[in-house]
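**Student:** sharing a model that was predicted from the sequence below.
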Amino acid sequence: MKIIFLIFSYFLGTFPSGYVLFWITDKKDIRHFGSGSTGGTNLFRLKGWKLALPAILFDILKGALPVYLALQLFSDLRIAIISGFLAVLGHCFPVYLKFKGGKGVATTTGVFITLAFEPCLISVATFVIIIAISRYVSLGSLLATFSYPFLILIFNKGEETFYLSIALFVVIAARHSGNIKRLIQGTERKFGERVK
């Protein structure tokens, strides 16, 4: 039963809400436009908030739901942690999109909304503040997810959750490798810049 649930968690994560919404409106593959990501930030730059917001909310749900269900069904923190990790992997590397998905920030937020609510709130606040100051979504995403391990230690959310936060930061940093290069080069797009 637990193995089936973990498989379900991965495949829930693979549902590409940004890809689907862009396909419905434009009949095109979003991975061929903008940053090439299926996530909410790329969708926002291409189509605006009306499509990006529901995609982001669904991506958050993809992380929160399997973790919540795992805790309710199995009362097992380790299963909840693994299911959350797999949901993020599914979002970033969906098997039926040739493993080219989103960057995992919204789905990671969903995971920690359920596992570590207070650190999640502070991390989201960090995300908003960094974007407000720098206007770089990628920088906000990286610093927010980088803050998770420290916040989890401060709020004493447990060793397993701490290790999960490190693992997810590594995944997100890897998915943002191109953004990191552009930030260093000074060519990264700022929030609000639309692309065609």
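**Tutor:** Cool, the structure landed. Numbering: from 1, shown residues only.
**Student:** which helices and strands does the lowest-mean-pLDDT helix or strand in the chain pack with?
**Tutor:** Here the helix or strand of the chain ranked lowest by mean pLDDT, DSSP states H and E is helix 40-47, holding a mean of 90. Where contact means 3 or more C-beta pairs under 8 Å, 6 or more residues apart in numbering; DSSP states H and E, helix 40-47 is packed against helix 17-26, helix 49-74. All C-beta atoms are positioned from the backbone trio N, CA, C, and that covers glycine.
**Student:** report the distance from the first one to the chain centre.
**Tutor:** In this view, helix 17-26 has its centroid 18 Å away from the chain centroid, taken as C-alpha atoms, centre = their mean, to the nearest Å.
**Student:** same deal with the last one?
**Tutor:** Chain-centre distance of helix 49-74: 10 Å, with C-alpha atoms, centre = their mean.
**Student:** that helix - contacts with which helices or strands?
**Tutor:** helix 2-14, helix 17-26, helix 40-47, helix 77-92, helix 105-115.
**Student:** most packed of those?
**Tutor:** helix 105-115 (a mean of 26; mean count of other C-beta atoms under 10 Å).
**Student:** may I see the buried residues of the next helix or strand after that helix?
**Tutor:** As assigned by DSSP states H and E, the chain's next helix or strand after helix 105-115 is helix 117-134. Within helix 117-134, the residues that count as buried by 16 or more other C-beta atoms under 10 Å are 119-120, 122-123, 126-127, 130-131, 134.
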